[in-house]
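Chemist: Quick one: sequence plus predicted model below, questions after.
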Amino acid sequence: MACCMPLKSRNLDVNLLVLKPTVFIDELVEALKHFTSWSLTFGCIHSAILQTIHGNLIIWYGAWMKRSHENKKLLDSALLLMLERISSVADIIDNSFFEPYGGESNNGSLAATFSTGDAVSFSVIAHSRHDNASQIDLPYAVLATFQRRFLAMDGATSGVCLKKNYDTADNSNDRGSNDCVLNFFVWESQEACYSSILRSDVKNVNFPHLGGMSLPMKYEVYRVIYVSGDDELDFKHSPWPPHLMLRANQDQNIQGKE
């Protein structure tokens, strides 16, 4: 099955959970598969598990329908409960929400589509309030440069720009101190990805319309190892069956109101 990340959407929040396994990677992946099935019961539309080509970082990608403030608090509470379970098999490096606000695709699609086995990459461009760049509109600057460069990128089938969403509880403490934009790309092959990286300057992104100012960029290449719907999970012996997680979250909410 295929997984999607919309090129632009005001109705979806993209959740990226970055983890470093403290057990065998296969054990973490199995736990994240159960996490994926649990997330579906809370309204996650698309999800996937990505593994770095070099290294052992894992990213769980989830696309959620936007919610009201109160419903988002309930989701945050449920996520925190579930992440406590995940923390027994991995260190949680980051848990952030992003908004897709622009992108391109070679076939005219409105989403970046990828499947198990595909090569994808993330690049991170950020600045803090202490940088000389703190007064620029970073998402706009990155999108303008992205659109110019995408047409010249051989082997990239689609790409998405994502800006950090500071309306969620996990991200709210970063507001005002950092600005962060991600570029996400889907590639025809792993070889095409590395070939494009080697032909370009990946250490810095230059903004010609801002007087040639440049910002550092970090990138990482991943293999898609699972997308939601790849298989049917048997929860008979699972330590985290979705219905029990739902019940635990409901009990926690009731206790909080007493």
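Modeler: On my side now, so go ahead. Remember, it's a predicted structure, so these values are computed and weren't measured experimentally. Numbers count the residues shown, from 1 in each chain.
Chemist: least trustworthy helix or strand in the chain by mean pLDDT?
Modeler: helix 242-257 (a mean of 45; mean pLDDT, DSSP states H and E).
Chemist: which parts of the helix or strand where Leu16 lies are buried?
Modeler: Per DSSP states H and E: Leu16 is located in strand 12-21. Buried residues in strand 12-21, counted by 16 or more other C-beta atoms under 10 Å: 12-19, 21. All C-beta spots, glycine's among them, are computed from the backbone N, C-alpha and C.
Chemist: need those residues in a markdown table with pLDDT, can you?
Modeler: As requested, those are exported to a markdown table (pLDDT from 0 to 100):
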| residue | pLDDT |
| --- | --- |
| Leu12 | 85 |
| Asp13 | 86 |
| Val14 | 92 |
| Asn15 | 92 |
| Leu16 | 94 |
| Leu17 | 94 |
| Val18 | 95 |
| Leu19 | 95 |
| Pro21 | 95 |
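Chemist: In a markdown table, list those residues along with distance to Leu80.
Modeler: Converted to a markdown table, these look like this (distance: C-beta to C-beta, whole Å):
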| residue | distance to Leu80 |
| --- | --- |
| Leu12 | 21 |
| Asp13 | 16 |
| Val14 | 18 |
| Asn15 | 13 |
| Leu16 | 16 |
| Leu17 | 12 |
| Val18 | 16 |
| Leu19 | 15 |
| Pro21 | 20 |
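Chemist: just curious, which of the residues you listed is nearest to Thr145?
Modeler: Distance to Thr145, by C-beta to C-beta, is smallest for Val14 among the buried residues of strand 12-21, at 20.5 Å.
Chemist: State the distance from that closest one to Ile25.
Modeler: Separation of Val14 from Ile25 (C-beta to C-beta, to the nearest Å): 23 Å.
Chemist: same check, this time on Pro139
Modeler: 33 Å.
Chemist: If you count surrounding residues, which of those two has more?
Modeler: Pro139 (19 against 14; other C-beta atoms under 10 Å).
Chemist: is it true that the more buried one touches Tyr101?
Modeler: Yes. At 6.3 Å, Pro139 and Tyr101 qualify as touching, with contact defined as C-beta atoms under 8 Å.
Chemist: tell me, what's touching the two both at once?
Modeler: Common neighbours of Pro139 and Tyr101 (criterion: C-beta atoms under 8 Å, 6 or more residues apart in numbering): 161, 163.
Chemist: got any ranges where the protein has weak pLDDT?
Modeler: Scanning the chain for pLDDT under 70 picks out 128-136, 167-178, 201-216, 231-258.
Chemist: can you map out the strands along it?
Modeler: 2-6, 12-21, 44-52, 58-65, 90-105, 111-115, 119-128, 156-164, 178-187, 204-207, 213-227 (DSSP state E).
Chemist: Those strands into a markdown table, with extra columns for distance to Leu74?
Modeler: A markdown table is the format used below for the strands of the chain (distance: least, C-beta to C-beta, whole Å):
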| stretch | distance to Leu74 |
| --- | --- |
| strand 2-6 | 24 |
| strand 12-21 | 14 |
| strand 44-52 | 14 |
| strand 58-65 | 12 |
| strand 90-105 | 15 |
| strand 111-115 | 27 |
| strand 119-128 | 29 |
| strand 156-164 | 22 |
| strand 178-187 | 26 |
| strand 204-207 | 38 |
| strand 213-227 | 26 |
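Chemist: No further queries at this time; thank you.
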